[in-house]
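Undergrad: Sharing a model that was predicted from the sequence below.
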Amino acid sequence: MASDIPTPEEITRVSEFLESQAVAARSPGGASAAGGGARQKQRAGITTIGRFFEAINNRDYATMRSLLGNRVKCYTYFGRDPVSPDAILRAMGGMLQTFPDWKEVADEIIPDPDGETFTVRQTGRGTQLAEYLGRQPDNRQIAANLVTVLKVRDGKIVEYRSTFPFRRPWDEEISAATDVEAVRAEQGGMAVPPEEWTRTLQELASGSVSPEDLESRKAQLATETPRCEALLASNMRRCLNRAVDGSQYCEIHQDPGASGSFGA
Ligand SMILES: [Zn+2]
């Protein structure tokens with residue numbers, strides 16, 4: 001591990017410093033002038049975010065899980081439908097497996113006066129050791145700057161949004177959507193098992209699927225059945241398959257890292 005990666009102790013000190021700075025910046029006229037409730041929520045939110053960063057750096061998945069809401073809106077990677085903490089942790093696992101020495105630093109945390117929205121300027125550093133988005137590892141440490149916007153409620157992170165760091169504007173094929181990041185994440189693509197498609201095509205060809213059956217299958221596809229919460233490794237977007245009853249994942253993504261899904 002390179003020596004310029006901050007230690008957890010340094011990160012804690014930075015978090016504490018940032019906490020004092022951020023709260024002071026948002027408290028015109030001093031602490032007593034700030035709305036007590038909102039200020040307390042700002043402090044609590046900054047602590048939650050700081051602890052989450054530490055947990056990432058300590059590979060402490062239990063703490064990470066404890067700091068996530070029951071359902072998390074992660075617009076950038078999963079789109080507008082919320083996902084379970086399990087899905088977030090699976091993706092984190094994939095990230096930390098791909099970049100085993102990955103460390104995150106919160107360079108700046110700016111709390112919004114609403115007490116639940118936080119803008120975070122963060123830097124992640126790590127060495128890619130496995131193929132990622134089609135890119136081969138080159139054993140060189142990279143640094144990634146991100147500006148993220150988080151929502152924290154009751155000590156839990158419930159929303160995450162950042163710009164998608166893997167795409168240049170010139171390469172972006174989505175431009176008309178109101179929320180480009182979320183729409184991109186929702187266009188992961190179908191990953192229906194090939195044998196299922198083959199069976200359906202054979203049935204269609206042999207005429208054994210009645211018009212009623214077809215309508216019923218279409219209706220089934222159109223229902224608001226929860227979607228799989230796996231990220232596709234090829235494009236870091238959400239799988240579009242339907243989740244199996246009683247599971248967050250589709251048939252082929254039951255196991256982390258299975259069949260082209262990103263995660264560990
Ligand atoms: Zn899936």
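TA: Here it is on my side, so go on.
Undergrad: near the ion, which residues of the stretch 101-250 of the chain?
TA: Contact residues, the stretch 101-250 of the chain versus the ion (CB under 5 Å from the ion): C228, A230, C239, N241, C250. (Each C-beta comes from the backbone N, C-alpha and C, glycine too.)
Undergrad: Among those, which one is most surrounded by other residues?
TA: A230 (32 neighbours; other CB atoms under 10 Å).
Undergrad: Surely that residue touches A87?
TA: Yes. A230 sits in contact with A87 when judged by CB atoms under 8 Å, with a separation of 7.2 Å.
Undergrad: Give the residues shared as contacts by the two.
TA: By CB atoms under 8 Å, 6 or more residues apart in numbering, A230 and A87 have no common neighbours.
Undergrad: low-scoring stretches of the protein, by residue?
TA: In the prediction, the chain carries residues with pLDDT under 70 at positions 1-35, 189-197, 214-224.
Undergrad: Could I get the contacting residues of D154?
TA: Contacts of D154 by CB under 8 Å, 6+ apart: none found.
Undergrad: Can you show me the helices along the stretch 151-264 of the chain?
TA: Ranges of helices in the stretch 151-264 of the chain, per DSSP state H, counting those that start in this stretch, are 180-186, 194-206, 211-222.
Undergrad: related to what we said a few turns ago, with the residues of the stretch 101-250 of the chain next to the ion in mind, which one is nearest to A62?
TA: Taking CB to CB as the measure, A62 lies nearest A230 of these, at 21.5 Å.
Undergrad: Backbone dihedrals for E172, please?
TA: phi -80, psi 120 (degrees, to the nearest 10).
Undergrad: Now do the buried residues in whichever helix in the chain runs longest.
TA: In the chain, taking DSSP state H as the definition, the longest helix is helix 36-57. Neighbour counts over helix 36-57 (16 or more other CB atoms under 10 Å) mark 38-39, 41-57 as buried.
Undergrad: before we move on, the earlier item: filter the residues of the stretch 101-250 of the chain next to the ion down to just the ones in strands.
TA: Of these, none are assigned to strands by DSSP state E.
Undergrad: What residues does G257 make contact with?
TA: Counted by CB under 8 Å, 6+ apart, G257 has contacts G94, G263, A264.
Undergrad: The last one contacts P100, correct?
TA: What it means is A264. No. Counting by CB under 8 Å, A264 does not reach P100; the two are 10.7 Å apart.
Undergrad: circling back: pull the most distant pair out of the residues of the stretch 101-250 of the chain next to the ion.
TA: Longest span within these, CB to CB: A230 and N241, 8.3 Å.
Undergrad: Need the overlap of contacts for the two.
TA: Joint contacts of A230 and N241 (CB under 8 Å, 6+ apart) are C250, H253.
Undergrad: Select only the buried ones of the contacts of G257 in PyMOL?
TA: To isolate the buried subset of those in PyMOL, counting by 16+ other CB under 10 Å, use the following:
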select buried, resi 94+263
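Undergrad: which among the contacts of G257 gets closest to the ion?
TA: The ion has its nearest neighbour among the contacts of G257 in G263, at 10.7 Å by CB to the ion.
Undergrad: got the buried residues for stretch 232-245?
TA: L232, A233, N235, M236, R237, R238, C239, L240, N241, R242, A243, V244.
Undergrad: likewise stretch 247-264?
TA: Q248, Y249, C250, E251, I252, H253, P256, G257, S259, S261, F262, G263.
Undergrad: how about the residues you listed, which pair is most distant?
TA: E251 and F262, at 17.4 Å, using CB to CB across these.
Undergrad: about what we covered before: pull the distance from the helix or strand following the longest helix of the chain to the chain's centre.
TA: Remark: after helix 36-57, the chain's next helix or strand is helix 61-66, criterion DSSP states H and E. Its chain's C-alpha centre and that of helix 61-66 lie 14 Å apart, by CA atoms, centre = their mean, to the nearest Å.
Undergrad: Show me how the record splits this structure into domains.
TA: Annotated domains of the chain cover 8-174, 194-262 [automatic domain parsing].
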